[in-house]
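Chemist: coordinates for the following, if possible.
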Amino acid sequence: MTNASSTYFSILIGAIIGALISWWIYNRQKKTTEKQDLTLFRIKELDERNERMLERLQESEKRNDSTLNAVLELSKKIEYMIERQDKLHKSNQNNKRSSTYNKINNNITTTETDANGSPG
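Modeler: Numbers count the residues shown, from 1 in each chain. Have a look, this model is predicted:
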């Protein structure tokens, strides 16, 4: 083999080895890119799913807040009704005591007039 043919042969072998290495690198990068794209797609799906879950949680929280407010409002109304009933009950007790006191006074007055024979 001559020097020129040896040089061309070396260039050809170098080109083949270079092409193989370039193809191998390209293939590895392509596989890595596909895996990254798949991972990014999954991350995007997870992010969308998490956003929907967050929206549902916020809606649920709003419903819970409105339910809590309704319960608190009912509690206030019940307390008000209990207070009114207690006041009414106390008023009735005072009226009964007062009428019982008046009956006792009337009985005492009637007994005094009967014993003395003259009223008052």
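Chemist: pLDDT score assigned to T113?
Modeler: As predicted, T113 sits at a pLDDT of 53.
Chemist: typo on my end, Y8
Modeler: As predicted, Y8 sits at a pLDDT of 91.
Chemist: now for it, how many residues are close by?
Modeler: Neighbourhood size, Y8 [other C-beta atoms under 10 Å]: 12. Heads up, the C-betas are built off the backbone N, CA and C, glycines and all.
Chemist: can you tell me how far it sits from A15?
Modeler: Distance, Y8 to A15, using C-beta to C-beta, to the nearest Å: 10 Å.
Chemist: R49 and R56, how far apart?
Modeler: Counting by C-beta to C-beta - R49 and R56 are separated by 11 Å.
Chemist: what do you get for E79?
Modeler: Going from E79 to R56 by C-beta to C-beta gives 34 Å.
Chemist: coming back round to it: any common contacting residues for R49 and R56?
Modeler: Common contacts of R49 and R56 (C-beta atoms under 8 Å, 6 or more residues apart in numbering): none found.
Chemist: could you name the specific helix or strand carrying S60?
Modeler: helix 3-116 (DSSP states H and E).
Chemist: before I go, just wanted to say thanks for your time.
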